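Trainee: task: produce atomic coordinates for the following.
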Amino acid sequence: MILGTAAWQVKSARLYNGLSHPTMAHDDAIVKLARQIDAARKAERFLVNADEVASLRRHGACELHRICADFVASVNSNLSEAALDLAPAIYAPESFRERGENLIQIGSQDREMQIAFEAPFQAGLYWEVPGSVCPGGRGPDL
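Mentor: Purely as a prediction, here's the structure:
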């Protein structure tokens, strides 16, 4: 029995340098693993379904058009003659452009108001390549 205990103590001394906690190299490996786990958890929070995001953008564009259409209808209902025009008159989800500007115009007698909106720039697609230029000539937003 004494030999078994001594053998365990020798093995323990080799692994832990006779201390009750691991060696520095072992600590570094644990710290590195913990950082990787934390980084993975943080990255998972930002993972999104591209189709879901595109659908939400199309829905948001349609909702913005509906708000503009309601405004034009409300103003025109209080005028003796309809004076405000909305372009486009109908906005379908397929009308949304992922790249470039989307426009909604409200006009009356040579005066126009334009509402321009677009999908946000996605820096993560281009930041890895130094000096890369994104579509539209914009650089990465960092």
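
Trainee: low pLDDT regions in the protein?
Mentor: Counting by pLDDT under 70, the chain contains low-confidence residues at 1-26, 122-142.

Trainee: biggest helix in it by residues?
Mentor: Secondary structure of the chain per DSSP state H: the longest helix is helix 50-77.

Trainee: ok, and for that helix, which residues are buried?
Mentor: By neighbour count with 16 or more other C-beta atoms under 10 Å, helix 50-77 contains the buried residues Arg57, Arg58, Ala61, Leu64, His65, Cys68, Ala69, Val72. The C-beta positions use only the backbone N, C-alpha and C, and glycine is treated the same way.

Trainee: want to throw those into CSV with distance to Ala87?
Mentor: Below are these laid out as CSV (distance: C-beta to C-beta, whole Å):
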residue, distance to Ala87
Arg57, 20
Arg58, 19
Ala61, 14
Leu64, 14
His65, 10
Cys68, 10
Ala69, 11
Val72, 10
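
Trainee: now, which of the residues you listed sits nearest Glu81?
Mentor: Minimum distance to Glu81 across these is 13.6 Å, recorded for Val72 (C-beta to C-beta).

Trainee: how many neighbours does Glu101 have?
Mentor: The number of residues packed near Glu101 is 11, by other C-beta atoms under 10 Å.

Trainee: tell me the contacts of it?
Mentor: Ala116, Phe117, Glu118 (C-beta atoms under 8 Å, 6 or more residues apart in numbering).
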